[in-house]
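*Asks:* Mind folding the following:
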Amino acid sequence: MADNQIVQVQQAQVNLPAANEWGENENYLNPARFDQIARLAKTFANTDLVPPHFKGKPENCFVALQMAFRSRIDPMVALQNLYLVQGKPGMSAQLAIALANRSGLLRGPISFKESGSGASYEVKAFATTRDGHEISSKASMKMAQAEGWTRNPKYGTMPEVMLRYRAATFLVRQHLPEVLLGMQTHEELVDVQSSKSVPQRTFNEDGAKVTAPQVDVSGDDGFEEPTAAEIEAAYKAAETKSDALAAKLGA
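*Replies:* Coordinates of the predicted model:
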């Protein structure tokens, strides 16, 4: 990365106009702030310090920066921890945990307790809220198998890490929803994609697996998502029609 690129990024961050009467929609409605963020997005997109899904894509960077400012995250941290899975943005579980720990809603950081082994392995995430309530959530290999997450090979090579991420995400989503504001984590999005073609499984009272009828979890009701080329063609067609209408009105 060239020195002048580093200087541009630093200047863009320092000179970002402060929020004022525009409120939560400041970044979208204030022209000066919108343009400044757009320039910052272009600078990031031209660096070698961003992941491939942001490299050379200022529009993606712009959306990520908007999300960063809304969540009060450092722009570079956001760009390194936001991902795209089938067109859906998701943050890393590490970032979600960090946001919860620094939110001021907890007396201390989220902790974990492990139990069992193999198919009965389970991770419990727990914490204490600032008003003294004990909160917790669990994730287990039985749950991972039942939901089809184990199609993701990481559940075989590093189940401790994956179940910690899942348990912590459950805890934050259930008890601290203001931290994620409905946003999914990258791990959740990947697990959903991994499980789409897997028959759902459940367990009887003896812990034996019982295969249930396969359920369509795509949620698209037969709708096929348009490709990038189709979207671009639609935009160009719309622009052509708009130009033609403008010319006709101006005639």
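*Asks:* how about Glu188, what does it touch?
*Replies:* Gly90, Arg166, Thr169 (CB atoms under 8 Å, 6 or more residues apart in numbering). All C-beta atoms are positioned from the backbone trio N, CA, C, and that covers glycine.
*Asks:* So which of those residues are in helices?
*Replies:* Arg166, Thr169 (DSSP state H).
*Asks:* can you pick the most crowded of the contacts of Glu188?
*Replies:* Arg166 (26 neighbours; other CB atoms under 10 Å).
*Asks:* so what's that residue closest to, chain neighbours aside?
*Replies:* Ala139 (3.8 Å; CB to CB, 6 or more residues apart in numbering).
*Asks:* Within the helices and strands, which one has the one you found?
*Replies:* strand 134-140 (DSSP states H and E).
*Asks:* Can you spell out which helices and strands pack onto the next helix or strand after that strand?
*Replies:* Heading C-terminal from strand 134-140, the first helix or strand you meet, by DSSP H and E, is helix 141-147. Contacts defined by 3 or more CB pairs under 8 Å, 6 or more residues apart in numbering; DSSP states H and E place helix 141-147 against helix 159-175, strand 201-203.
*Asks:* switch the cut-off to 6 Å
*Replies:* strand 201-203 (3 or more CB pairs under 6 Å, 6 or more residues apart in numbering; DSSP states H and E).
*Asks:* which residue packs closest to Lys88, ignoring adjacent ones?
*Replies:* Leu189 (5.7 Å).
*Asks:* which residues touch that neighbour?
*Replies:* Contact analysis of Leu189 by CB atoms under 6 Å, 6 or more residues apart in numbering lists Val85, Lys88, Gly90.
*Asks:* ranges for the helices of the stretch 51-200 of the chain?
*Replies:* For the stretch 51-200 of the chain, the helices defined by DSSP state H, counting those that start in this stretch cover 58-71, 75-81, 93-101, 141-147, 154-157, 159-175, 177-180, 186-195.
*Asks:* Kindly calculate the angle that the first one makes with helix 93-101.
*Replies:* What it means is helix 58-71. Angle, helix 58-71 to helix 93-101, by axes from the mean of the first three to the mean of the last three CA atoms, to 10 degrees: 30 degrees.
*Asks:* Hmm, Glu187 is touching Gln94, no?
*Replies:* No - taking CB atoms under 6 Å as the definition, Glu187 is not a contact partner of Gln94, at 9.6 Å.
*Asks:* Fine, thanks again, bye for now.
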